[in-house]
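*Asks:* Sequence plus predicted model, see below.
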Amino acid sequence: MKRVLVLNGPNLGRLGRRQPEIYGSTTHDELAQACRDWGNRLGLEVDVRQTNHEGELLDWLNAAADEETPVVLNAAAWTHYSWALYDACAQLVAPLVEVHISDPTQRPEEFRHHSVVTPHAATVIAGHGIEGYRMALEHLAG
Ligand code: DQA
């Protein structure tokens, strides 16, 4: 089975409790289970991880580059300013799909309008809630 990594960045571990009016009521555990179920139906083995530690995300991306694993990435706030993340994404070999639960480009804070991930992404899915992860897996399943 084709393996796909779903990597979630800072504060997404509090999904369901974090600003539900923006991010919805689904918890990270529920999201992870939904991704595994969607993946199963698409013939993908989905490994879902979340971290609040930037170096850990970089280590996972470096391993994905070595192993040529496709990645679904919601880097959360790091999306907007981490040049180390930009460099890590640049090294990926297999397709990268950028996902955001909200649509950062439509939010009032200027800092959300720029993404260091987008230049390396095969596609960007934003503003579709957690359904966006299903759309990203469908994209990777081809
Ligand atoms: C987010 C959008 C980011 O701007 C924000 O910092 C997040 C979540 C999203 O999924 O909508 O933490 O990536």
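*Replies:* Received it, and whenever you're ready, just let me know what you need.

*Asks:* how close does the residue sitting furthest away from the middle of the chain sit to residue 22?
*Replies:* Distance from the C-alpha centroid of the chain peaks at residue 108, with 21.5 Å (C-alpha atoms, centre = their mean). According to C-beta to C-beta, to the nearest Å, residue 108 and residue 22 sit 11 Å apart. (Glycine included, C-beta is placed from N, CA and C.)

*Asks:* With residue 59 instead?
*Replies:* Taking C-beta to C-beta as the measure, residue 59 falls 29 Å from residue 22.

*Asks:* which of the two has more neighbours?
*Replies:* residue 59 (13 against 10; other C-beta atoms under 10 Å).

*Asks:* Against residue 5, how distant is that one?
*Replies:* From residue 59 to residue 5 the distance is 12 Å (C-beta to C-beta).

*Asks:* residues contacting the closest residue to residue 114 other than its chain neighbours?
*Replies:* Take residue 114 and drop its neighbours on the chain: the residue closest to it by C-beta to C-beta, 6 or more residues apart in numbering is residue 80, 5.8 Å away. Listed by C-beta atoms under 8 Å, 6 or more residues apart in numbering, the contact set of residue 80 reads 104, 111-112, 114-116.

*Asks:* Perfect, that will be all.
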